[in-house]
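Peer 1: Take this sequence and fold it.
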Amino acid sequence: MHIFCPADEEELIRGLPAVIESRSPWYIRFNAAEAAVTHSTNFEPGKAEVVSEGSDVSILVYGFLLAEAVRAAAILEDEGTSVRLINLRTLVPIDEETIVKAARETSMLVTLEDHLIVGGLYSIVAEILLRQNGRRSVMPIAFRDKWFKPALLGDALEYEGFTGPQIASRILLRLDGQLKP
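Peer 2: Predicted structure coming up:
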């Protein structure tokens, strides 16, 4: 089962031809969010979109949280932290090469997802790093033991700590050693 999590309508439209042409079953997780970026690359299953090339922290994200990741990256850059922002697009297949490269070239990976921490992106990244014998600090931002509190999307993001400023603050605290893994 392939998993496609477009960040917005533009990405969905770019990805649907590949999904339709594929012989594999697909699960598409879509939210009709406004585009946060102008997508610079064509859609290819298993190939991530590198939104920005940074050298300090890599934020790995998919789906509608890309917009919040863009906001967080801007705040971090203003604070002097260089951010590599990676829109994974598909979780299955996943772009292992881009993840491993980010782990080698930045000091910390952040997995950002609106999913439970167990069985989601954080777990996928941990498995990839383990297979590659790679060690890297990975900071998961995800749901721990419960789903979100139902509300309007903006209110739910605020309540759960998934807004750009909240994400940036958590990353800065971790970089300063004030937030434990």
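
Peer 1: check contacts around the spatially most central residue of the chain.
Peer 2: By C-alpha atoms, centre = their mean, the chain has its centre lying nearest to residue 61, at 0.7 Å. Residue 61 makes contact with 69, 85, 86, 87, 88, 111, 112, 113, according to C-beta atoms under 8 Å, 6 or more residues apart in numbering. Any C-beta I mention is one placed from the backbone N, CA and C, and that applies to glycine too.

Peer 1: could you redo the last one with a cut-off of 6 Å?
Peer 2: 69, 112 (C-beta atoms under 6 Å, 6 or more residues apart in numbering).

Peer 1: Model confidence for it, exactly?
Peer 2: pLDDT for residue 61: 98.

Peer 1: what do you get for the one 3 residues further on?
Peer 2: Predicted confidence (pLDDT) for residue 64: 93.

Peer 1: same question, residue 49
Peer 2: Predicted confidence (pLDDT) for residue 49: 96.

Peer 1: do the same with residue 135
Peer 2: Reading off the model, residue 135 has pLDDT 78.

Peer 1: Can you tell me, leaving aside adjacent residues, what's nearest to it?
Peer 2: residue 129 (7.2 Å; C-beta to C-beta, 6 or more residues apart in numbering).

Peer 1: Tell me which helix or strand the one you found sits in.
Peer 2: Assigned by DSSP states H and E, residue 129 falls within helix 121-131.

Peer 1: could you say what helices and strands that helix packs with?
Peer 2: Counting contacts by 3 or more C-beta pairs under 6 Å, 6 or more residues apart in numbering; DSSP states H and E, helix 121-131 packs against strand 108-116.

Peer 1: what pairs with the strand it packs on, and is each one parallel or antiparallel?
Peer 2: Sheet pairing for strand 108-116, assigned by DSSP bridges, gives strand 57-61 (parallel), strand 137-143 (parallel).

Peer 1: now the angle from the helix or strand just after the first one to strand 57-61?
Peer 2: Meaning strand 57-61. Next along the chain after strand 57-61, taking DSSP H and E as the criterion, comes helix 66-78. Angle of helix 66-78 versus strand 57-61, following axes from the mean of the first three to the mean of the last three C-alpha atoms, to 10 degrees, is 170 degrees.

Peer 1: How much space separates the residue nearest to residue 135 from residue 137?
Peer 2: For residue 129, the distance to residue 137 (C-beta to C-beta, to the nearest Å) stands at 11 Å.

Peer 1: before we move on, what about residue 174?
Peer 2: Distance, residue 174 to residue 137, using C-beta to C-beta: 8 Å.
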